[in-house]
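Colleague: please find the sequence and the predicted model below.
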Amino acid sequence: MKASTKIKDDLFLWIDSVLSQDIPENTVAFHFNLYEGSDSVHVQLMGTDSFEGGADYWPGEETFSTGEAIFEIPFTSAGAEWPEWLEFSKQLVIAYIDSGGKSTVFRRSRGVGIGFVDGDMYVLWPKSAA
């Protein structure tokens, strides 16, 4: 599934903005929380103080969060059901890790994950941990 250029560009700008802020020194990894909204997938970025990849990945303790400053991906782009939303979101974040403006922040970290809150979590970086 290919992300629309506007959504991808807007997400990249949002992540750039988040990663341009002061990040606490004890942040060693990052996690994208996904939430179901009424007409969109809500994306929240947080930093964590630890990272244990693998099949049982779960984010460490939060060091910072975008809180209510979320990014929204409309269902009209993300798909009809949560498995599509997850895959669409994963592909957008992987694209950012590969070529986003501040992607080196992620690539220098111990790891980057994604998942619906209270659902399964997935490691996106490092790729060998996925």
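Modeller: That came through fine.
Colleague: how about the contacts made by I70?
Modeller: For I70, the contacting residues are 35, 42-44, taking CB atoms under 8 Å, 6 or more residues apart in numbering as the criterion. In this view, the C-beta of every residue, glycine as well, is placed from N, C-alpha and C.
Colleague: want to throw those residues into a markdown table with pLDDT?
Modeller: A markdown table is the format used below for these (pLDDT from 0 to 100):
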| residue | pLDDT |
| --- | --- |
| Y35 | 95 |
| H42 | 97 |
| V43 | 98 |
| Q44 | 98 |
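Colleague: out of the residues you listed, which is nearest to D16?
Modeller: V43 (14.1 Å; CB to CB).
Colleague: in its sheet, what does the one helix or strand that closest one maps to sit against?
Modeller: Element membership of V43, judged by DSSP states H and E, is strand 40-48. With DSSP bridges as the criterion, the sheet partners recorded for strand 40-48 are strand 29-36 (antiparallel), strand 62-65 (antiparallel), strand 71-74 (antiparallel).
Colleague: which one of these is the most hemmed in?
Modeller: Mean neighbour count, computed with mean count of other CB atoms under 10 Å, is highest for strand 29-36 among the strands paired with strand 40-48, reaching a mean of 21.
Colleague: off-centre distance for that one?
Modeller: 5 Å (CA atoms, centre = their mean, to the nearest Å).
Colleague: same check, this time on stretch 80-100
Modeller: The answer for stretch 80-100 is 8 Å, by CA atoms, centre = their mean.
Colleague: show me the contacts for F71.
Modeller: If a contact means CB under 8 Å, 6+ apart, then F71 has 10-11, 14, 42-43 as its contacts.
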